[in-house]
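Asks: I need the structure of the sequence given here:
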Amino acid sequence: METKIYAFDESLFNPKLIEAIKNNQVIFRDGVAYWKKGLKASGIIQHIPLKEVSAVTSETFVKTLGSLQSTLQGTIVAAQAISSATLMIAVVVQTQILSKKIEAVRSSVLQVSQTVNEQNILFYTDKASEYLSVVHNLKLILESNENIQVIESLANTTLANSMQLKNHLSFFILNLLNLIKSEQIKDKQHVGLVLNFIQQMMEILPVGMHLEHLVSHRLGQYELSQTLIKDSHNKYSILLEDYRGYLNSTNNRIKLSKVEAENLSYFNKIKRPALDLISNQIHVELLEKPAREQLSISKSA
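Replies: Residues are numbered from 1 along each chain as shown. Purely as a prediction, here's the structure:
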């Protein structure tokens, strides 16, 4: 499926923005160019107009996001100044890619909840379903042309829900990984379903976390927005490190023993998607880099 994508129209950049880009003094966020912190100038440089630049063909969710930099940046003169995160989120907001991914994750949640009949796991799969709805609502808020003041109450409620559910899911994923590593889930089919759920959540969490950050920013909560993305980066880094450790140790076990390879056959189903997740590094673009950015912006901007 091909989808039209819109990006910044560099032909309409004003002279001040062009000069700031040359001097590496710009941060792009939510369609606006800001001065970096620590400069004499502060606040907004320019609200950026858009143009149609490309049609993106959807593959897997992670591969689509991971390929956007090469797909779109060739059409933009100021490519080095415009982060991959800006391009990724433009695609997420403008297309049905996220909606399709949410349905895939929802399916994995349903499989776990129907098969693994443990009360603790069922409680958190419900939380996962709630989080998927919240992520969709964050996208809708960013997609809407409504003045943010008109939907401020809705946006703040959605943001609060996102923050709470993100914390639940971070704890849940770590707990699931510990259950798998300690072999407390005995049934191989159950382990396979739980691993698929973890993989699906690891793919969508960076997007949900970045959308949360942008909604807070759009509400004018500039300090909170930065605090949220730093917190999300820290949480996801812990999850990814634990997940990567499990993947590496399991892969080594399979290499050393044919018996282990047979016992861990379910691992092969998530091995390729897991490698894609790590190699495409969407978490770096959506979490790590924004967490390091510092805007220079006044309260009234």
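Asks: is it fair to say Lys186 lies in a strand?
Replies: No. Residue state for Lys186 (DSSP: H, G, I helix; E, B strand; the rest coil) corresponds to coil; a strand is not indicated.
Asks: How many residues are close by it?
Replies: Lys186: 7 surrounding residues under other C-beta atoms under 10 Å. The C-beta positions use only the backbone N, C-alpha and C, and glycine is treated the same way.
Asks: Below-threshold pLDDT in this structure: ranges please.
Replies: 1-7, 50, 52-88, 90-91, 93-95, 117-120, 259, 296-301 (pLDDT under 70).
Asks: in it, which spans are helices?
Replies: Ranges of helices in the chain, per DSSP state H, are 15-22, 61-66, 68-72, 84-94, 97-115, 119-143, 152-181, 188-218, 222-256, 258-263, 268-280, 282-283, 289-292.
Asks: which strands and helices sit next to the shortest one?
Replies: If contacts are counted by 3 or more C-beta pairs under 8 Å, 6 or more residues apart in numbering; DSSP states H and E, helix 282-283 sits against helix 61-66, helix 188-218, helix 222-256.
Asks: what do you get if the cut-off is 10 Å, keeping everything else the same?
Replies: In terms of contacts (3 or more C-beta pairs under 10 Å, 6 or more residues apart in numbering; DSSP states H and E), helix 282-283 is packed against helix 61-66, helix 84-94, helix 188-218, helix 222-256.
Asks: and the last one with helix 152-181, angle?
Replies: Which is helix 222-256. Put simply, helix 222-256 runs at 20 degrees to helix 152-181, going by axes from the mean of the first three to the mean of the last three C-alpha atoms, to 10 degrees.
Asks: related to what we said a few turns ago, CSV please, covering the helices and strands packed on helix 282-283 and showing distance to Ile18 and mean neighbour count.
Replies: Below are the helices and strands packed on helix 282-283 laid out as CSV (distance: least, C-beta to C-beta, whole Å; neighbours: other C-beta atoms under 10 Å):
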stretch, distance to Ile18, mean neighbour count
helix 61-66, 28, 23
helix 84-94, 17, 23
helix 188-218, 24, 23
helix 222-256, 25, 17
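Asks: Make CSV out of those and add distance to Leu154.
Replies: As requested, the helices and strands packed on helix 282-283 are arranged in CSV below (distance: least, C-beta to C-beta, whole Å):
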stretch, distance to Leu154
helix 61-66, 26
helix 84-94, 17
helix 188-218, 10
helix 222-256, 17
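Asks: of all the helices of the chain, which lies closest to Val32?
Replies: Nearest to Val32 among the helices of the chain is helix 188-218; the distance by C-beta to C-beta comes to 9.1 Å.
Asks: what's the closest non-adjacent residue to Lys269?
Replies: Gly192 (6.4 Å; C-beta to C-beta, 6 or more residues apart in numbering).
Asks: was I right about that neighbour contacting Asn263?
Replies: No. Judged on C-beta atoms under 10 Å, Gly192 makes no contact with Asn263 at a distance of 11.9 Å.
Asks: got the contact list for the residue nearest to Lys269?
Replies: Counting by C-beta atoms under 10 Å, 6 or more residues apart in numbering, Gly192 touches 111, 115, 185, 264-270.
Asks: Give me the distance between it and Arg106.
Replies: Using C-beta to C-beta, to the nearest Å, Gly192 is found at 18 Å from Arg106.
Asks: ditto for Lys230
Replies: From Lys230 over to Arg106 the distance is 29 Å, taken as C-beta to C-beta.
Asks: With just CA atoms, put stretch 37-44 into PDB.
Replies: Extracted C-alpha coordinates of stretch 37-44, given in PDB (Å, rounded to 0.1, in the frame of the first residue of the first chain):
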ATOM      1  CA  LYS A  37      18.900  26.500  24.300                       C
ATOM      2  CA  GLY A  38      22.000  28.600  25.200                       C
ATOM      3  CA  LEU A  39      21.800  31.100  22.400                       C
ATOM      4  CA  LYS A  40      21.000  34.800  22.500                       C
ATOM      5  CA  ALA A  41      17.800  34.300  20.500                       C
ATOM      6  CA  SER A  42      15.000  32.200  22.000                       C
ATOM      7  CA  GLY A  43      11.500  30.900  21.100                       C
ATOM      8  CA  ILE A  44      10.000  30.200  17.700                       C
END
